[in-house]
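Colleague: Structure for the following, please:
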Amino acid sequence: MMQPRERKVKILATLGPASNTPEMIEALMRAGADAFRINMSHGEQADKVKLVEAIRALEKKIMRATTIVFDLQGPKLRVGDFEGGSAMLREGTMFVLDDNPALGDENRVELPHPELFAAARKGDRLLIDDGKVRLKIAAVEPGKIGAVVEVGGRVSNHKGVNVPDVLVPIPALTEKDRSDLQFALEMGADYIALSFVQRPEDVAEARALIGDRAGILSKIEKPQAIERLDEILKLSDAVMVARGDLGVELPPESLPPLQNKIVARARQMGKPVVVATQMLESMIVSPTPTRAEVSDVATAIYDGADAVMLSAESAAGQYPIEAVTMMDRIARNVELDPVYEARIHFTETIPEETAADALADASRTIATNLKTGPMVCYTSSGSTARRIARERPPVKILAMTASLEVARRLGLQWGVYAVHTRDVASFEEMVAKAKRMALRHGLAKAPERLVILAGVPFKTAGSTNVLHVVRLAGDELDNYLSE
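Modeller: As a prediction, the model looks like this:
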């Protein structure tokens with residue numbers, strides 16, 4: 001059995017060529033990874049089967065529910081082909097993007113996305129190759145966009161095009177995404193990461209296909225999504241601050257306040273929030289990060305993010321284990337900082353007028369004032385654990401559930417250690433099992449108190465109405481561990 005982490009924030013590690021064997025996946029888990037991301041933008045579906053099998057085998061080996069996130073590619077606007085494979089666009093010249101499939105040159109290239117011709121307007125920006133080349137639209141005609149090159153550079157075949165000023169009328173799910181989504185659900189995905197969400201309708205479309213078979217993690221990487229953030233959050237199970245494309249389409253200096261806003265709103269609404277992209281970017285080729293990267297990871301943790309993510313660092317870098325180890329060390333040191341507790345409560349979380357919210361809020365006060373051991377909650381859907389985690393209590397949260405799927409989804413939730421176990425049937429069994437599990441999993445020791453939350457009648461979802469404080473007796477450890 002693998003012992004709980006010393007930290008509360010979670011680490012989401014992306015798997016790839018550098019980490020696609022059972023041995024490496026286990027090494028990443030033992031180094032600090034709590035959940036794994038499978039990126040459907042690269043490789044074939046058949047390649048992902050072995051990754052899932054390795055994770056599920058590891059889950060049984062270490063007896064710990066483990067979260068798998070399948071990240072869909074989403075729609076990607078790209079230019080067509082150039083004669084010779086590329087062309088140099090020079091500052092101040094006119095460049096045309098059209099629907100002509102002929103090979104492009106320094107004057108024009110195909111843009112095989114008719115929906116963009118209808119949506120683009122004079123003055124809108126076009127960013128090619130992650131913003132390395134920048135154009136400004138001067139005129140729009142049927143099947144043709146004329147633009148002035150503001151920042152020149154060489155553009156090669158199929159480079160991506162970002163249109164930050166345009167709400168592009170394309171669905172968030174392409175045909176490839178629909179196929180990958182069905183595959184991910186068949187593989188038992190815990191979360192589906194939905195790329196390029198622009199509006200709540202994008203999430204609703206995915207929900208209609210997914211139902212309750214997996215959680216939806218909406219990636220906020222378009223400026224249009226910021227404008228409708230609350231609506232998107234309401235329909236999502238979790239959210240990601242995807243700073244890659246968001247950083248291309250927005251001025252870099254706007255990212256820190258936007259990251260803070262997204263994290264705060266997600267926390268207030270009780271939805272897990274992941275901060276991602278370029279967190280330890282230099283560790284793709286270096287065994288140590290830059291000081292700026294360390295500070296970046298620390299800032300996300302101080303803000304109260306539920307999880308921080310590694311992308312190429314763990315998927316394709318030269319030092320995947322070192323990257324996970326470094327992120328774990330940063331997180332543990334931040335959480336040991338005396339000011340961390342105050343910092344994560346800069347965001348005010350106001351309880352709703354429900355018994356469950358009131359008890360979750362009260363449980364944090366009790367744990368703080370009595371300096372208790374962990375909180376223990378019994379949950380059918382995971383909502384009780386999420387409510388408690390939203391309050392960012394000073395202790396860990398032991399969530400016990402009869403649903404393995406719920407235990408796995410709680411792997412992105414701040415401070416939660418989820419255990420898949422049978423339901424209890426009585427108050428006495430509730431207390432005894434809470435003590436036994438807290439001791440067995442190394443979360444508590446005598447004579448600490450436990451704060452227990454549950455719902456009566458037992459086995460009923462959404463019925464959290466009991467808060468009980470109990471002290472562990474000195475002789476209980478030997479009794480429970482010998483059972």
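Colleague: tell me the domain ranges of this structure?
Modeller: The record's domain parsing of the chain by automatic domain parsing lists 10-75+171-341, 83-162, 355-481.
Colleague: start to end distance for the shortest one?
Modeller: Using C-alpha to C-alpha, to the nearest Å, the gap from the first to the last residue of domain 83-162 comes to 22 Å.
Colleague: for the record, mean pLDDT for that domain?
Modeller: Taken as a whole, domain 83-162 has a mean pLDDT of 95.
Colleague: How many residues are close by Ile137?
Modeller: 20 (other C-beta atoms under 10 Å). From N, CA and C alone the C-beta is placed, and that goes for glycine too.
Colleague: Give the next helix or strand downstream of the strand or helix carrying it.
Modeller: Using DSSP states H and E, Ile137 maps to strand 133-141. Counting by DSSP H and E, the next helix or strand C-terminal to strand 133-141 is strand 144-151.
Colleague: Can you give me the buried ones in the very next helix or strand once past that next one?
Modeller: Going down the chain from strand 144-151, the next helix or strand is strand 153-156, by DSSP H and E. Neighbour counts over strand 153-156 (16 or more other C-beta atoms under 10 Å) mark Val155 as buried.
Colleague: quick one on the thing from earlier: the strand holding Ile137 - which strands sit beside it in the sheet, and in what orientation?
Modeller: strand 125-128 (antiparallel), strand 144-151 (antiparallel) (DSSP bridges).
Colleague: Contacts made by it with the rest, please.
Modeller: 89, 94-95, 117, 120-128, 145-153, 155 (C-beta atoms under 8 Å, 6 or more residues apart in numbering).
Colleague: next one: stretch 166-180
Modeller: Contacts for stretch 166-180 (C-beta under 8 Å, 6+ apart): 40, 45, 70, 72-75, 77, 113, 115-116, 118-121, 124, 181, 194-199, 202-203, 205-206, 209, 224.
Colleague: Got a ChimeraX select line for the buried ones in the residues you listed?
Modeller: Here is the ChimeraX selection string for the buried members of the contacts of stretch 166-180, based on 16+ other C-beta under 10 Å:
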select :40,70,72,73,74,75,77,113,116,119,120,124,181,194,195,196,197,198,199,202,203,206,224
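Colleague: Keep only those of the contacts of stretch 166-180 that are in strands.
Modeller: In strands, judged by DSSP state E, the following of these are found: 70, 194.
Colleague: Would you work out how far apart the start and end of stretch 190-203 are?
Modeller: Chord length of stretch 190-203, first to last residue, is 16 Å (C-alpha to C-alpha).
Colleague: show me the contacts for Met375.
Modeller: 363, 367, 388, 393, 395-398, 450-453.
Colleague: out of those, which is most surrounded?
Modeller: Of those, with other C-beta under 10 Å as the count, Ile388 tops at 32 neighbours.
Colleague: I figured that one was touching Leu453, is that so?
Modeller: Yes. Using C-beta atoms under 8 Å, Ile388 makes contact with Leu453 at a distance of 6.9 Å.
Colleague: Give the residues shared as contacts by these two.
Modeller: With C-beta under 8 Å, 6+ apart as the test, Ile388 and Leu453 both reach 360, 363, 375, 377.
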